[in-house]
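Q: Sharing a sequence plus its predicted fold:
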Amino acid sequence: IDYVKQHLEVIADAIEDGANVKGYFIWSLMDVFSWSNGYEKRYGLFYVDFETQQRYPKKSAYWYKKLAETRIIES
(Lines give C-alpha, C1' and ligand atoms only; values in the text may rest on other atoms or scores of the structure.)
Protein backbone atom coordinates (compact mmCIF):
# COMPACT_ATOMS: atom_id res chain seq x y z
CA ILE A 1 0.00 0.00 0.00
CA ASP A 2 2.78 2.44 0.91
CA TYR A 3 4.45 2.00 -2.49
CA VAL A 4 1.28 2.84 -4.43
CA LYS A 5 0.30 5.58 -1.98
CA GLN A 6 3.64 7.36 -2.37
CA HIS A 7 3.38 7.27 -6.16
CA LEU A 8 -0.19 8.58 -6.11
CA GLU A 9 0.78 11.43 -3.78
CA VAL A 10 3.56 12.48 -6.16
CA ILE A 11 1.14 12.27 -9.09
CA ALA A 12 -1.41 14.37 -7.19
CA ASP A 13 1.28 17.00 -6.55
CA ALA A 14 2.20 16.98 -10.23
CA ILE A 15 -1.44 17.50 -11.21
CA GLU A 16 -1.66 20.45 -8.81
CA ASP A 17 1.45 21.85 -10.52
CA GLY A 18 -0.26 21.59 -13.90
CA ALA A 19 0.86 18.21 -15.22
CA ASN A 20 -1.55 16.68 -17.72
CA VAL A 21 -2.02 13.25 -16.09
CA LYS A 22 -4.62 11.07 -17.80
CA GLY A 23 -4.50 7.99 -15.59
CA TYR A 24 -2.59 5.61 -13.37
CA PHE A 25 -2.01 1.91 -13.95
CA ILE A 26 -1.27 -0.34 -11.00
CA TRP A 27 1.53 -2.86 -11.66
CA SER A 28 -0.54 -6.02 -11.37
CA LEU A 29 -4.10 -6.95 -10.53
CA MET A 30 -3.08 -10.46 -9.46
CA ASP A 31 0.10 -12.17 -8.34
CA VAL A 32 1.98 -13.37 -11.40
CA PHE A 33 5.23 -15.03 -12.44
CA SER A 34 8.13 -12.58 -12.75
CA TRP A 35 11.21 -13.33 -14.84
CA SER A 36 13.42 -11.79 -12.16
CA ASN A 37 11.70 -13.20 -9.03
CA GLY A 38 9.71 -16.20 -10.20
CA TYR A 39 6.78 -16.69 -7.85
CA GLU A 40 8.64 -15.37 -4.77
CA LYS A 41 7.48 -11.74 -4.91
CA ARG A 42 3.76 -11.10 -4.96
CA TYR A 43 2.88 -7.69 -6.36
CA GLY A 44 -0.81 -8.10 -7.15
CA LEU A 45 -3.86 -6.69 -5.41
CA PHE A 46 -5.15 -10.26 -5.28
CA TYR A 47 -3.28 -13.23 -3.82
CA VAL A 48 -3.25 -16.23 -6.15
CA ASP A 49 -2.96 -19.76 -4.78
CA PHE A 50 -1.08 -21.25 -7.71
CA GLU A 51 -2.00 -24.81 -6.70
CA THR A 52 -5.77 -24.23 -6.79
CA GLN A 53 -5.90 -21.03 -8.89
CA GLN A 54 -8.12 -19.49 -6.17
CA ARG A 55 -7.80 -15.71 -5.83
CA TYR A 56 -8.15 -13.76 -2.60
CA PRO A 57 -8.25 -9.98 -2.20
CA LYS A 58 -5.37 -8.56 -0.19
CA LYS A 59 -5.60 -5.58 2.15
CA SER A 60 -4.26 -3.50 -0.73
CA ALA A 61 -7.25 -4.48 -2.91
CA TYR A 62 -9.67 -3.07 -0.34
CA TRP A 63 -7.52 0.04 0.08
CA TYR A 64 -7.40 0.62 -3.69
CA LYS A 65 -11.16 0.03 -3.99
CA LYS A 66 -11.81 2.72 -1.39
CA LEU A 67 -9.40 5.05 -3.19
CA ALA A 68 -11.26 4.51 -6.48
CA GLU A 69 -14.62 5.17 -4.82
CA THR A 70 -13.63 8.25 -2.80
CA ARG A 71 -10.68 9.62 -4.82
CA ILE A 72 -9.01 10.31 -1.45
CA ILE A 73 -5.51 8.97 -0.74
CA GLU A 74 -5.60 7.60 2.81
CA SER A 75 -2.91 5.80 4.79
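A: Received it, and whenever you're ready, just let me know what you need. Residues are numbered from 1 along each chain as shown.

Q: So Gly44 belongs to a helix, correct?
A: No - counting by DSSP: H, G, I helix; E, B strand; the rest coil, Gly44 falls outside a helix, being coil.

Q: Name the next helix or strand downstream of the longest helix along the chain, please.
A: Across the chain, the longest stretch assigned as helix under DSSP state H is helix 2-16. Sequence order places strand 46-48 as the next helix or strand after helix 2-16, per DSSP states H and E.

Q: Report the buried residues of that following strand.
A: Of the residues in strand 46-48, Phe46, Val48 count as buried by neighbour count, 16 or more other C-beta atoms under 10 Å. Backbone N, C-alpha and C define where each C-beta goes, glycine included.

Q: Against which helices or strands is it packed?
A: When contacts are defined as 3 or more C-beta pairs under 8 Å, 6 or more residues apart in numbering; DSSP states H and E, strand 46-48 packs onto strand 55-57.

Q: partners of the strand it packs on in the sheet?
A: Paired strands of strand 55-57, with direction, are strand 46-48 (antiparallel) (DSSP bridges).

Q: ok, residues contacting stretch 31-47?
A: With C-beta atoms under 8 Å, 6 or more residues apart in numbering as the test, stretch 31-47 has contacts from 26-30, 48, 50, 55-58, 60-61, 64.

Q: same thing but at 6 Å, please
A: The contact list for stretch 31-47 (C-beta atoms under 6 Å, 6 or more residues apart in numbering) reads Trp27, Ser28, Leu29, Met30, Val48, Arg55, Tyr56, Pro57, Lys58, Ser60, Ala61, Tyr64.

Q: can you list these in CSV and add distance to Lys5 and pLDDT?
A: Output for the contacts of stretch 31-47, formatted as CSV (distance: C-beta to C-beta, whole Å; pLDDT from 0 to 100):
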residue, distance to Lys5, pLDDT
Trp27, 14, 84
Ser28, 16, 89
Leu29, 18, 91
Met30, 20, 90
Val48, 23, 92
Arg55, 23, 96
Tyr56, 21, 97
Pro57, 17, 98
Lys58, 14, 96
Ser60, 10, 94
Ala61, 14, 96
Tyr64, 10, 94
